[in-house]
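In: show me how the following folds:
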Amino acid sequence: MIIREWHGRADPANAHAYPAHFRAVVLPELRHVPGFLGAHLARRQIDERIEFLLLTRWRTLDSIRAFAGDNIAKAVVEPGAVAALEDFDATVQHYEILEEADSPAEQG
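Out: The predicted structure follows:
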């Protein structure tokens with residue numbers, strides 16, 4: 001399994017726009033890509049901006065290629081995301097998951 005990591009940054013006054021775009025546009029599209037396994041969208045405040053962290057989980061690098069194209073290091077950023085963010089990473093990072101664990105309370 002592979003984790004794909006990406007960051008974008010927004011003005012706090014517009015901090016609602018990217019999560020709304022993610023829920024309405026990005027997530028529904030990702031759910032149709034074979035090999036997409038899930039996503040986490042997180043945020044934190046850094047100085048005067050909000051930074052978003054998007055972690056997507058994929059079955060294989062080939063699954064990511066089906067989504068991102070041959071250059072899997074290039075970020076896929078739709079016009080709606082560009083409009084919602086002040087700036088964003090043009091590239092992404094990929095990590096191979098070595099182990100995954102759930103909390104004992106979550107296993108039941």
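In: ok, residues contacting the longest helix seen in the chain?
Out: For the chain, the longest helix by residue count, based on DSSP state H, is helix 61-68. The contact list for helix 61-68, computed with C-beta atoms under 8 Å, 6 or more residues apart in numbering, reads 2, 4, 30, 33-36, 58, 72, 74, 76, 92, 94. Placement of C-beta: from N, CA and C, glycine included.
In: and stretch 19-28, by the same measure?
Out: Residues from elsewhere that reach stretch 19-28, judged by C-beta under 8 Å, 6+ apart: 39, 41, 43, 52, 54, 78, 80, 81, 84.
In: what's the most distant pair in those?
Out: Maximum pairwise distance among the contacts of stretch 19-28 (C-beta to C-beta): 18.5 Å, between 43 and 78.
In: any idea which element residue 99 lies in?
Out: Using DSSP states H and E, residue 99 sits in no helix or strand.
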